[in-house]
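Novice: Sequence and computational prediction follow.
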Amino acid sequence: MQAVFTSHPKTIILFKTAKTYILVLESLIVTIEVGVEISSLVFSAHAVQRMFERSIDKQVVIDAVHTGLIIERYDDDKPYPSRLVIGWTNVTPVHVVFAVDSENDRAIVITVYVPSSENWSENYTRRQ
């Protein structure tokens, strides 16, 4: 399956493989943090399923990965180090966990969720 979404000024191409969805952001290099650049995002099947279940738009996730605040770092995660970032859709916080595959210049979105106020601080950046 291949679907093409246009998101001015970039074109987003979605490929489905057995276990992952791949979004290729054409002509895009984004610095996630100092020394880490990505040229594509890969969405795991789990992330796509959670986005669908929770009605979280792909653009919210893309924006969170590119411009969101890194609130937790998991440098020892395998096979790639990962990050938890916070993004926003209007007034609703969205947490995105993604791995950084720097060897292939890509980020892999692992899961996406709306944080609970019971488990997170008022600004949703610290666990309670």
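Specialist: Received the coordinates, thanks.

Novice: Would you confirm that P115 belongs to a strand?
Specialist: No - P115 is assigned coil when assessed by DSSP: H, G, I helix; E, B strand; the rest coil, not a strand.

Novice: quick one: contacts for it?
Specialist: By Cβ atoms under 8 Å, 6 or more residues apart in numbering, the contact set of P115 is 86, 93, 95, 124. C-beta: built from backbone N, CA, C; applies to glycine.

Novice: again, but for V94
Specialist: 56, 60-61, 64, 86-88, 112-114.

Novice: Pick the one among the residues you listed closest to S44.
Specialist: Nearest to S44 out of those is V112 (Cβ to Cβ; 9.9 Å).

Novice: right, and that closest one touches A47 too?
Specialist: Yes - contact criterion Cβ atoms under 8 Å: V112 and A47 qualify, at 5.5 Å.

Novice: Find residues that contact each of the two.
Specialist: Contact criterion Cβ under 8 Å, 6+ apart; residues shared by V112 and A47: V61.

Novice: Now the host helix or strand of A64: buried residues?
Specialist: Here A64 sits within helix 58-67, counting by DSSP states H and E. Across helix 58-67, burial judged by 16 or more other Cβ atoms under 10 Å covers 58, 60-66.
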